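Chemist: I'll drop the sequence and a predicted model, then ask my questions.
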Protein chains: 2
Amino acid sequence: MTAQVTETEAPDTVRVDLGERSYDILIGRGLLAEAGERLKALLPGSRAAIITDENLAKTHLEALQASLDEAGVKHVTFKVPAGESTKRFSMFERLCDDVLAAKLERGDAVVALGGGVVGDLAGFVAASVRRGMNFIQVPTSLLAQVDSSVGGKTGINSRHGKNLIGAFHQPRLVLADTALLDTLSPREFRAGYAEVAKYGLIDDADFFAWLEENHEGIFSGGAEREHAVATSCRAKARIVAEDEFETGARALLNLGHTFGHALEAAVDYNGERLVHGEGVAIGMRLAHDFSVSLGLCAEDDARRVEAHLQKVGLPTHMSDIPGQLPPTETLLDIIAQDKKVTKGALTFILTRGIGRSFVERNVERESVLAFLEKEMN
Amino acid sequence: MTAQVTETEAPDTVRVDLGERSYDILIGRGLLAEAGERLKALLPGSRAAIITDENLAKTHLEALQASLDEAGVKHVTFKVPAGESTKRFSMFERLCDDVLAAKLERGDAVVALGGGVVGDLAGFVAASVRRGMNFIQVPTSLLAQVDSSVGGKTGINSRHGKNLIGAFHQPRLVLADTALLDTLSPREFRAGYAEVAKYGLIDDADFFAWLEENHEGIFSGGAEREHAVATSCRAKARIVAEDEFETGARALLNLGHTFGHALEAAVDYNGERLVHGEGVAIGMRLAHDFSVSLGLCAEDDARRVEAHLQKVGLPTHMSDIPGQLPPTETLLDIIAQDKKVTKGALTFILTRGIGRSFVERNVERESVLAFLEKEMN
């Protein structure tokens, strides 16, 4: 059974290779219109629970519903408030209840139409209702298309930190319609771009150099955008396939995230002060300069990273965050409570240069403290 | 690294074979005293969060804590109220928060000391905190030792039904100390015995015949008890290994459960009227007589099942449940909303005789209705 493809060219396809849990990420302009046919082809006879936020409900929801209607896929829609604070227990409980009240079964699908917040929350609902329903991601932000919709991490926040409660639950399909990104605010697009740049910095120096040359086409919506999304997804898919449950190599994806998460927590996840991708941008610059301070990375590489992130308009210093930050000791405590901690030792993603990141599991608290003190003064 | 075994004979060991997620079930008298050494041997350097209920906190908790102390395993304890109503969202949330507040990490262990309620709830917490911590089961009821502690099903109840929200999360170790069963009430022991008998009825007619002869030793705490627990665990382990995520053969474990769950829901999970194992006992007798009515099973087999369950003091008829039951139509609606429904067809475990159960996915609503009408009049 193949999906009936109309209107668009054949999309780029990235296969995430996880044995029985393998799935495709499709990338292309206009894919939203095909959602119904593709869902029907993948899960014949299944119904869908669309989970989306109130902003997206005004923009892309109607197109998704129309596509499902056209394909004869029955559906219900549940809306949540937009924003990070939606990733909380009470929303998780409410949505689980909603999906059960709609009498959806294990073989039916939860469809996440949204950015990382909606995808993480809806994914945890899909993982938990009846101990696991089918899950389909329709990511609407650049961040979600290149990062959070791929790899099966789902979850909600706790008052002890971000994403501390959740599940590994792989989607059955990811539909990344790059046309949806046309409506993102410049700030949100930039924030997603930080994760794109990350894939170059982790292990693909050529891709980072290509980004330095071609970033304008990505922002303006040229063919460079699909190439950047597909390259990012391919990089993530490869790392996830190596290490589905984050016991090793997958930690590389956290380049910039240890510092970044701590900064997000330090501003109480106030998105007006700092959004996730901005935290990652600052964190990646910090990771490079921290690596320079440890004698691991050449100064020039750190300056190239800083220059490129600044060129696209991303923040790179803690002082770029409006308002007061807590003292360095507090930041360190937040880092130590981060979920990537193993047996008390601090784990950081460090680098030997652009495209040469590695996992270091024995970073001394004192050296981080000294580095942060220097950064903040 | 081997555990230091003292005081007891080598326990019976049942291996649950699930590739990377394989684990041992140890069965024997006095195993609780070895919990600390065994945890240390399996997960060196890990800390433990014990989750137990307020009743068990008065009986077996101290012995477990002492064993952990002796082995130098650091631990914290979280208590929940006893009873099925503890398997709810607010408890799940509170425990996730407690475990995070204690700063436990992914490599640490959640230890469930309790029956099915504690195991299911603690297991879902272990599955969800940091997207999956180590999980160890110390089942204290017969039901938990032979059924719920084995196989990785965890979860909580929803107002739409039992166990509708949860995860598949395998334990790393199950310690079934059969001496703990000495303190169970006769009613609770009997309820667990229903699940023991189930393994005979599913596919082991010889075991059922052995139970008919030897059930007294199981109740009185003779060596028959370890044999019955080990045989049950081995049966369950084999079925779980075939079908970890319940897409096929595992459904056989639901023999008696479709009717049983519906009856539990019909009394609003009021444990004074009906506990789970009693529902299963009635359900198994109903499944046999329903199979007789469909011309699948010999009448004699149904009578043997009824006679044996009655002999140990278990209920076998809906009329054995004190108080009023809802009308048959309502029971059917509850059955149809059960999580084992697939695409609207009713799934039942039927049987061609003792030890010859099978999954039937296309049971007509009308034939169930007619059977229930006859049963209730």
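Modeler: Nice, thanks for sending it over. Keep in mind that what you see is a predicted model, and the values were worked out from it rather than measured.
Chemist: flag every buried residue along the lengthiest helix in chain A.
Modeler: Using DSSP state H to define each element, chain A has its longest helix at helix A:223-242. For helix A:223-242, the neighbour count (16 or more other C-beta atoms under 10 Å in any protein chain shown) marks A:224-237, A:239-241 as buried. Bear in mind the C-beta positions are built from the backbone N, C-alpha and C, glycine included.
Chemist: identify all contacting residues around that helix.
Modeler: Helix A:223-242 is contacted from outside by A:12, A:14-18, A:25, A:27-29, A:142, A:145-147, A:150-152, A:174, A:176, A:178, A:181, A:195-196, A:199, A:202-204, A:207, A:211, A:214-218, A:248-250, A:252-253, using C-beta atoms under 8 Å, 6 or more residues apart in numbering or on different chains.
Chemist: show the buried residues in the residues you listed.
Modeler: A:12, A:14, A:16, A:25, A:27-29, A:142, A:145-147, A:150-152, A:174, A:176, A:178, A:181, A:195-196, A:199, A:202-204, A:207, A:211, A:215, A:218, A:249-250, A:252-253.
Chemist: who touches the residue most central in space within chain A in this structure?
Modeler: With distances taken as C-alpha atoms, centre = their mean, residue A:148 lies nearest the centre of chain A, 2.7 Å away. Contacts of residue A:148 were listed using C-beta under 8 Å, 6+ apart, and they are A:115-116, A:119-120, A:139.
Chemist: one more time with 7 Å
Modeler: By C-beta atoms under 7 Å, 6 or more residues apart in numbering or on different chains, the contact set of residue A:148 is A:116, A:119-120.
Chemist: residue A:182 too?
Modeler: Residues residue A:221 are the ones in contact with residue A:182 under the rule C-beta under 7 Å, 6+ apart.
Chemist: just to be sure, residue A:359 is in a strand?
Modeler: Yes - according to DSSP: H, G, I helix; E, B strand; the rest coil, residue A:359 belongs to a strand.
Chemist: near chain B, which residues of the stretch 151-300 of chain A?
Modeler: A:153, A:155, A:158, A:160, A:164-168 (C-beta under 7 Å from any C-beta of the partner chain).
Chemist: now for the helix or strand of chain A with the lowest mean pLDDT, which elements pack on it?
Modeler: Across the helices and strands of chain A, mean confidence by mean pLDDT, DSSP states H and E is lowest for helix A:328-337: a mean of 86. When contacts are defined as 3 or more C-beta pairs under 7 Å, 6 or more residues apart in numbering or on different chains; DSSP states H and E, helix A:328-337 packs onto helix A:257-266, helix A:365-376.
Chemist: what angle sits between the last one and helix A:257-266?
Modeler: Between the axes of helix A:365-376 and helix A:257-266, defined by axes from the mean of the first three to the mean of the last three C-alpha atoms, to 10 degrees, the angle is 60 degrees.
Chemist: who's in contact with helix A:365-376?
Modeler: A:286, A:290, A:293-294, A:318, A:328, A:331-332, A:346.
Chemist: repeat that for 6 Å
Modeler: Applying C-beta atoms under 6 Å, 6 or more residues apart in numbering or on different chains, the external contacts of helix A:365-376 come out as A:290, A:293, A:328, A:332.
Chemist: one more: the first one?
Modeler: Under the contact criterion C-beta under 6 Å, 6+ apart, helix A:257-266 has outside partners A:162, A:274, A:279-280, A:283, A:286, A:325-326, A:331, A:334-335, A:338, A:348.
Chemist: cutoff 8 Å now
Modeler: For helix A:257-266, the surrounding residues in contact (C-beta under 8 Å, 6+ apart) are A:161-162, A:274, A:276, A:279-284, A:286-287, A:318, A:321, A:325-326, A:330-331, A:334-335, A:338, A:340, A:347-349.
Chemist: tell me how far it lies from the chain's centre.
Modeler: Mean-position distance between helix A:257-266 and its chain equals 15 Å (C-alpha atoms, centre = their mean, to the nearest Å).
Chemist: repeat that for stretch A:184-204.
Modeler: Once both centres are worked out by C-alpha atoms, centre = their mean, stretch A:184-204 turns out to sit 10 Å from its chain's centre.
Chemist: give me the number of residues near the closest residue to chain B within the stretch 1-150 of chain A?
Modeler: Residue of the stretch 1-150 of chain A nearest chain B, by C-beta to the nearest C-beta: residue A:100 (4.1 Å). Residue neighbour count, defined by other C-beta atoms under 10 Å in any protein chain shown, stands at 19 for residue A:100.
Chemist: okay, and it sits in which element?
Modeler: Using DSSP states H and E, residue A:100 sits within helix A:89-101.
Chemist: what angle sits between that helix and helix B:89-101?
Modeler: Going by the same axes, to 10 degrees, helix A:89-101 makes 140 degrees with helix B:89-101.
Chemist: helix A:89-101 - what's its average pLDDT?
Modeler: Here helix A:89-101 scores 97 as its mean pLDDT.
Chemist: list of residues touching it?
Modeler: Identification of contacts with helix A:89-101 by C-beta under 8 Å, 6+ apart yields A:49, A:51, A:76, A:78, A:80, A:110, A:121-122, A:124-125, A:128-129, A:133, A:156, A:165, B:89, B:93, B:158-161, B:164-165.
Chemist: show me which of the residues you listed are buried.
Modeler: A:49, A:51, A:76, A:78, A:80, A:110, A:121-122, A:124-125, A:128-129, A:133, A:156, A:165, B:89, B:93, B:158, B:160-161, B:164-165.
Chemist: give me the subset of the residues you listed lying in strands.
Modeler: Per DSSP state E, strands hold the following members of the buried ones among the contacts of helix A:89-101: A:49, A:51, A:76, A:78, A:80, A:110, A:156, A:165, B:158, B:161, B:164-165.
Chemist: burial count for the nearest residue to residue A:81 once chain neighbours are set aside?
Modeler: Nearest residue to residue A:81 in three dimensions, chain neighbours excluded: residue A:54, at 5.9 Å (C-beta to C-beta, 6 or more residues apart in numbering or on different chains). When neighbours are defined as other C-beta under 10 Å, residue A:54 has 13 of them.
Chemist: ok, residue A:376 next?
Modeler: 13.
Chemist: any idea how far it lies from chain B?
Modeler: Distance of residue A:376 to chain B, given as C-beta to the nearest C-beta, to the nearest Å: 25 Å.
Chemist: rewinding a little: okay, the angle between the least confident helix or strand of chain A and helix A:257-266?
Modeler: 120 degrees.
Chemist: and the helix or strand just after helix A:328-337, what does it pack onto?
Modeler: Sequence order places strand A:346-351 as the next helix or strand after helix A:328-337, per DSSP H and E. If contacts are counted by 3 or more C-beta pairs under 8 Å, 6 or more residues apart in numbering or on different chains; DSSP states H and E, strand A:346-351 sits against helix A:257-266, helix A:276-293, strand A:357-363, helix A:365-376.
Chemist: and whichever residue of the stretch 101-250 of chain A sits closest to chain B, what's its pLDDT?
Modeler: Closest approach between the stretch 101-250 of chain A and chain B, counting by C-beta to the nearest C-beta: residue A:160, at 4.1 Å. Looking at residue A:160, its pLDDT reads 88.
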